[in-house]
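Colleague: Turn this into a model:
(one chain, ligands or ions: 2)
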Amino acid sequence: MKIAALIVAAGRGTRAGPGAPKQWRALAGRRVIDWTLARFQAAPRVDRIMLTLRPDDIATFAPPPGIEVTAGGASRAASVRRGLEALAADPPDLVLIHDVARPCLPQAVIDRVIAALDTSPGAAPALPVTDALWHGADGQVTGTRDRAGLYRAQTPQGFHFAAILAAHRTHAGDAADDVEIARAAGLEIAIVPGHEDNLKITHAEDFARAERILGGQMDIRLGHGYDVHRFGPGDHVMLCGVAVPHDRGLKGHSDADVGLHALSDAIYGALAMGDIGRHFPPSDPQWKGAESHVFLRHAADLAHKQGFTLSNVDCTLICERPKVGPHAAAMQARMADILGIDAARVSVKATTSERLGFTGREEGIAAIATATLVKP
Ligand SMILES: Nc1ccn([C@@H]2O[C@H](COP(=O)(O)OP(=O)(O)OP(=O)(O)O)[C@@H](O)[C@H]2O)c(=O)n1
Ligand SMILES: C[C@](O)(CO)[C@H](O)COP(=O)(O)O
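Modeller: Ligands and ions are numbered 1, 2, ... in the order given. All right, here's what the predicted structure looks like:
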């Protein structure tokens, strides 16, 4: 069973007020569109993601790997139709059609829609109306309405692909959503429970609500690491991935880069996956003299495999000499490169220990590091 997600993102977001269209605006540290795409990238049963954008946005948007992009139309229905036509070249069995403006979609809602499509050609999430309903005009209540049997429709709305494509091809005019188009073609649509978190960002104040929801949903991990290496003979030390000239070297099984070792341990710690010695045992001869970027890359890859993004890292080197300041910018750039994150999220600093203790006596160098991992 091949399942595609079609995310419509070609609207102008006029009701959200001045500024960029809402899909491009920042929300809890990422753009709205990034949160919405991440929902479907993390959905185990979704094989393919098609995104419809305004033509001018296609020129500037660099889609993440695996995301297909096509141009949307003048209305939501037109954008969906274009997305369906783009998918039709290699048709999936099922399609889940979702508003980019619903970035807080819980995975459970996706699962419920897919499950309902086993027995129904269409299925969509909705919540029963729980407030009283009024008619109003000029600021006055002019009537009341029975709320029994009324629902608030959400997305993703899921369909058997061939059926919804045929429904869109024969539908004339606009529609509020794809359920309306499917029903006009005679398709039965099952209602599955939606979720209050699955709001559609429509007005400016909805951003604050979405931020609160995402903040509550996020898995935020903090890890810390500590490492020490003793000085020995040599003419340089490896610190945070940079060779720093010195009148001694650091002793160790690998290249003895205390900074990268502490940072690797911080990431392993945040994942609760032990430490560097567990993944690269010192008893194993293959790691003798190893360059420590291998360890750091391994830790970062484990984080990514578990769906975490590295939000920031911070490393402090503790030594009297060599002086770290002249090399800090190069260390920051090298660590950012190894981790694949922006240098603005990487901090390297140094302190002496006021000539106290083993670092003060210049017997070795110590490093402490922290890493913050975030999973939406
Ligand atoms: N021509 C359009 C219009 C809307 N949409 C998408 O349809 C979804 C729901 O629409 P809505 O919330 O109304 O978004 P906008 O049309 O962008 O907002 P507004 O009506 O305030 O301008 C959004 O994901 C929007 O990007 C689209 O793909 N193409
Ligand atoms: C598709 C939808 O999100 C279902 O609730 C809704 O119909 C979109 O409505 P809008 O008028 O485009 O905001």
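Colleague: Pull out the buried residues from stretch 293-302.
Modeller: Buried positions in stretch 293-302, judged by neighbour count with 16 or more other Cβ atoms under 10 Å: 293, 295-296, 299-300. (C-beta placed from N, C-alpha, C; glycine too.)
Colleague: for those residues, which one is nearest ligand 1?
Modeller: Checking these against ligand 1 by Cβ to the nearest ligand atom gives Ala300 as the nearest, at 32.6 Å.
Colleague: excluding its backbone neighbours, what's nearest the closest one?
Modeller: Leu339 (5.1 Å; Cβ to Cβ, 6 or more residues apart in numbering).
Colleague: Enumerate every residue touching the one you found.
Modeller: Shown in contact with Leu339 (Cβ atoms under 8 Å, 6 or more residues apart in numbering): 296-297, 300, 310, 313, 346.
Colleague: do that again at 7 Å, thanks
Modeller: Neighbouring residues of Leu339 by Cβ atoms under 7 Å, 6 or more residues apart in numbering: 296, 300, 310, 313.
Colleague: With Ala262 instead?
Modeller: Neighbouring residues of Ala262 by Cβ under 7 Å, 6+ apart: 225-227, 315, 367-369.
Colleague: Now, the residues you listed that are in helices?
Modeller: Among the contacts of Ala262, none falls in helices (DSSP state H).
Colleague: quick one: which of the residues you listed is most hemmed in?
Modeller: For those, the largest number of neighbours (other Cβ atoms under 10 Å) sits with Ala369, at 29 neighbours.
Colleague: Pairing partners for Leu373 in the sheet, please.
Modeller: Per DSSP bridges, the residues bridged to Leu373 are Arg221, Leu310.
Colleague: I'd say it and Arg221 touch.
Modeller: Yes - Leu373 is within contact range of Arg221, at 4.3 Å (criterion: Cβ atoms under 7 Å).
Colleague: so what sits against both of the two?
Modeller: Counting by Cβ under 7 Å, 6+ apart, the shared contacts of Leu373 and Arg221 are 270, 308.
Colleague: Of these two, give the one with the bigger neighbour count.
Modeller: Between Leu373 and Arg221, counted using other Cβ under 10 Å, Leu373 has the larger neighbour count: 25 against 18.
Colleague: Just the pLDDT for that one.
Modeller: Here the pLDDT value assigned to Leu373 is 96.
Colleague: what sits against it?
Modeller: 221, 270, 303, 308, 310-311.
Colleague: Show me which of those are buried.
Modeller: Among these, those classed as buried by 16+ other Cβ under 10 Å are 221, 270, 303, 308, 310.
Colleague: what separates the residue of the chain found nearest ligand 1 from ligand 2, distance-wise?
Modeller: Going by Cβ to the nearest ligand atom, ligand 1 is nearest to Gly11 of the chain, at 2.1 Å. The spacing between Gly11 and ligand 2, counted by Cβ to the nearest ligand atom, to the nearest Å, is 7 Å.
Colleague: quick one on the thing from earlier: kindly reformat the buried residues of stretch 293-302 as TSV containing pLDDT and secondary structure.
Modeller: Putting these into TSV (pLDDT from 0 to 100; DSSP: H, G, I helix; E, B strand; the rest coil) gives the following:
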residue	pLDDT	secondary structure
His293	97	helix
Phe295	97	helix
Leu296	98	helix
Ala299	98	helix
Ala300	97	helix
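Colleague: Now render the residues you listed as CSV, adding distance to ligand 1.
Modeller: Formatted as CSV, those follow (distance: Cβ to the nearest ligand atom, whole Å):
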residue, distance to ligand 1
His293, 41
Phe295, 42
Leu296, 38
Ala299, 37
Ala300, 33
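Colleague: In stretch 116-127, which of the residues would be classed as buried?
Modeller: For stretch 116-127, a neighbour-count test (16+ other Cβ under 10 Å) marks 116-117, 120-126 as buried.
Colleague: Enumerate the residues of the stretch 1-150 of the chain near ligand 2.
Modeller: With the criterion set to Cβ under 6 Å from any ligand atom, the stretch 1-150 of the chain comes near ligand 2 through 76, 99.
Colleague: which stretches of the stretch 1-150 of the chain form strands?
Modeller: Along the stretch 1-150 of the chain, counting by DSSP state E, counting those that start in this stretch, strands occupy 3-9, 26-27, 30-31, 48-53, 67-71, 94-99, 122-128, 133-137, 140-145.
Colleague: which residues touch the nearest residue to Ala330 once chain neighbours are set aside?
Modeller: Once flanking residues are discounted, Ala330 sits nearest to Val242: 4.9 Å by Cβ to Cβ, 6+ apart. By Cβ under 7 Å, 6+ apart, the residues touching Val242 are 327, 330-331, 334.
Colleague: ok, what's across the strand from Val242?
Modeller: Taking DSSP bridges as the rule, Val242 bridges to Leu239.
Colleague: same question, Gly158
Modeller: Gly158 forms beta bridges with Leu96, Ala123, as assigned by DSSP bridges.
Colleague: Do I have it right that it meets Ala123?
Modeller: Yes - Gly158 is within contact range of Ala123, at 5.0 Å (criterion: Cβ under 7 Å).
Colleague: Mutual contacts of these two, please.
Modeller: With Cβ under 7 Å, 6+ apart, Gly158 and Ala123 have common neighbours 113, 117.
Colleague: Could I get the phi/psi values of Val179?
Modeller: Per-residue torsions, Val179: phi -60, psi -40 (degrees, to the nearest 10).
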